[in-house]
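*Asks:* Provided below for reference: sequence and predicted model.
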Amino acid sequence: MTSFSTFDSLPLSPSLMENLSGLGYDEPTPIQAAALPLILEGRDVLGQAKTGSGKTAAFGLGLLQRLDPEVLETQALVICPVRELAEQVATEIRRLARNIPNVKLVTLCGGMPGRPQDISMKAGAHIVVGTPGRIAKHIRKEQLLVSAIRTLVLDEADRLLDMGFEEEVKEIVHQIPRNRQTLLFSATFPEEIRAMSRKFQKNPESVIVDTALAPGVVEEREVVAGPKEKLRALSRILRQEMPESALVFCATRQGCREVAKALSAEGFSVATLHGEMEQRDRSDALIRLGNRSVRILVATDVAARGLDIEDLPLVIHYDPANDPDIHLHRTGRTGRAGRSGKAFALVERRRPGALFPEDLNPQHGSPPPPAMVSFLMNGGKKDKIRPGDILGAMVKEAGLNAEDVGKIHVADTYTVIAVRNGVQRKVQKWATAGRIKGRRIAPMPARDIF
Ligand code: AMP
């Protein structure tokens, strides 16, 4: 799923589109860029976004696009934790709907006189925005009929729970037809929010907006596997996805080693990263992952924390994290900077939308080798080695094309050179006599990493 940078490419009705330029919304905000295409497709979206991100317009445009103004039934319901937010949301949706004639929106909020709200509801509303207690009350009194609702939005879901609205929210949502679209926005993702998402949403797509970076879209799937089935499930996921690189998270060092060993025995190119390893081995594992000379890194959270691991196409929660922040942090290793990514979690118990290992389509045969091969040279920054020296030697002396040379990582005392898998013989042959600033290079030894 790709995000977009203008509103023009979206299937929005002309009246909505026209109004956007009138409002001065020339470009979508990051959350809109990532979430709107999915919302307009009708997908359930689990969005991480704060107030001020433009999330209201993201779901507001979505629900307006699905709205049939000819039918005066409640077709969209937005549940907010507090009156102030409900009023802001209502104002924004009204602004977005300016060009659509006769759209009726009613706010139902606690702490306000009931009678005017009763009167408005009797007149009918296409869209209802409100707080849980008051919405539930109107449903009980049958002043709000939920049978025609197509879009349900839970806004600031973490605050809904913090404020103790869980029961009311459940009561409301359980009455709304299941063939609805459910959009859930929250600034944080504690386990209760993820549980809420599992209960109320179908196959949701996660949209995480890292304020520091452009957003990407992460497709998260769960795969059901008992303790004895986990390795098989992992192998099937990797064989289905065949990613250029992937990060697999385990709870313990021992688990890390076992998983890496099993994958290696199957022919996968794999390295580990855990706290028992020497610093040098940890760095090397990361360098190899980064320069694409190893495909899979099996890591513990502790070892991976704070590391600058670049965007990866696939993250697998082999042992799912109990702490939602850790879960989010792990998943955030993929789908960054506007790219799409995938995350799979192995879970023991079946939940809606979860896959079984048999649902996956693994490719058979031996897994593909890594794209690159690493060479090692003693000597680094301290010896004034520069990447240009190495590139020069590889091209002018070893006879490689510049495209055959990958990342050149100059560490303090050593240098790792990646070359395309296929040209390593050429390099090795040259290296029998060839030197770079008087230094030899040799294939980087695969350490006894397990
Ligand atoms: P929200 O996070 O929904 O509360 O939105 C924050 C503010 O950004 C609101 O005042 C919106 O009117 C405004 N806004 C939303 N989308 C855009 C956009 N694409 N361009 C400019 N302003 C926007």
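*Replies:* Yep, that arrived.

*Asks:* Now Gln363: closest residue in space that isn't a chain neighbour?
*Replies:* The shortest distance from Gln363 to any residue other than its chain neighbours is 5.3 Å, reached at Arg239 (Cβ to Cβ, 6 or more residues apart in numbering). C-beta coordinates here come from the backbone N, C-alpha and C atoms, glycine included.

*Asks:* Then Leu355?
*Replies:* If the residues on either side of it in the chain are set aside, Leu355 comes closest to Val223, at 5.0 Å by Cβ to Cβ, 6+ apart.

*Asks:* Tell me the first helix or strand C-terminal of the helix or strand that the one you found is a member of.
*Replies:* Val223 belongs to strand 216-224 when elements are defined using DSSP states H and E. As assigned by DSSP H and E, the chain's next helix or strand after strand 216-224 is helix 230-241.

*Asks:* Pull up the pairing partners for the next helix or strand along the chain from that following helix, direction included.
*Replies:* Following helix 230-241 in sequence order, the next helix or strand is strand 246-250 (DSSP H and E). Sheet pairing of strand 246-250 (DSSP bridges) gives strand 296-300 (parallel), strand 314-317 (parallel).

*Asks:* Remind me what the helix or strand that contains Ala442 packs against, helices and strands.
*Replies:* Using DSSP H and E, Ala442 sits in strand 441-443. With contacts taken as 3 or more Cβ pairs under 8 Å, 6 or more residues apart in numbering; DSSP states H and E, strand 441-443 sits against strand 372-378, helix 424-431.

*Asks:* ranking those by burial, who's on top?
*Replies:* strand 372-378 (a mean of 21; mean count of other Cβ atoms under 10 Å).

*Asks:* Which strands and helices lie in contact with the helix or strand of the chain with the lowest mean pLDDT?
*Replies:* When the helices and strands of the chain are scored by mean pLDDT, DSSP states H and E, helix 301-304 comes last with a mean of 75. Counting contacts by 3+ Cβ pairs under 8 Å, 6+ apart, helix 301-304 packs against strand 246-250, helix 324-331.

*Asks:* Let me know the angle separating the next helix or strand after the shortest one from strand 246-250.
*Replies:* Okay, so that is strand 246-250. Sequence-wise, the next helix or strand downstream of strand 246-250 (DSSP H and E) is helix 253-265. The directions of helix 253-265 and strand 246-250 differ by 140 degrees, with axes from the mean of the first three to the mean of the last three Cα atoms, to 10 degrees as the criterion.

*Asks:* residues making contact with helix 253-265?
*Replies:* Helix 253-265 has contacts (Cβ atoms under 8 Å, 6 or more residues apart in numbering) with 231, 234-235, 238, 248, 250, 270-276, 296, 298-300, 318-319, 449-450.
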